[in-house]
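**Q** I would like to see how this sequence folds:
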Amino acid sequence: MLVQQDISLQKNRQKTGQTIKTIIDKEENEHYTGRTEFDSPEVDNTVIVLKHKEPLRIGDFYNVKISSAEDYDLTGTVCPEL
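**A** Below is the predicted model of the structure:
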């Protein structure tokens, strides 16, 4: 598990600065939680999407620019439509 944790962190750090299509799964107090179009729920990485002015809809996809990465989580903000 420790080897995989390091691999996951390296792969996630490569996503920093990228804009990734993300589905929103739930709303938390300070943020939304979702996953990229490539990840399965409860198995793969989660994407923490910081809240902004406009509320997001659960189940919808948004373009999220990744600002930071942890072992199994990515954090980012919604980008305007491209």
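**Q** sec struct for the residue most central in space within the chain, please.
**A** Closest to where the C-alpha atoms of the chain average out (C-alpha atoms, centre = their mean) is residue 47, at 2.0 Å. Residue 47 falls in the strand class when you classify it by DSSP: H, G, I helix; E, B strand; the rest coil.
**Q** Could you list everything it pairs with in the sheet?
**A** When bridges are called by DSSP bridges, residue 47 pairs up with residue 34, residue 74.
**Q** in this protein, which spans are helices?
**A** Ranges of helices in the chain, per DSSP state H, are 2-14.
**Q** my read: residue 74 touches residue 50, true?
**A** No. Checked against C-beta atoms under 8 Å, the pair residue 74 and residue 50 is beyond contact range at 11.5 Å. Using the backbone N, CA and C atoms, a C-beta is placed for each residue, glycine as well.
**Q** which stretches of this structure have low pLDDT?
**A** Applying pLDDT under 70 to the chain flags the ranges 43, 81-82.
**Q** Show the residue spans covered by the strands in the chain.
**A** For the chain, the strands defined by DSSP state E cover 19-27, 31-36, 46-50, 61-69, 73-78.
**Q** on that earlier part again, is the residue nearest to the centre of the chain in contact with residue 37, as I believe?
**A** No. Counting by C-beta under 8 Å, residue 47 stays clear of residue 37, with 10.4 Å between them.
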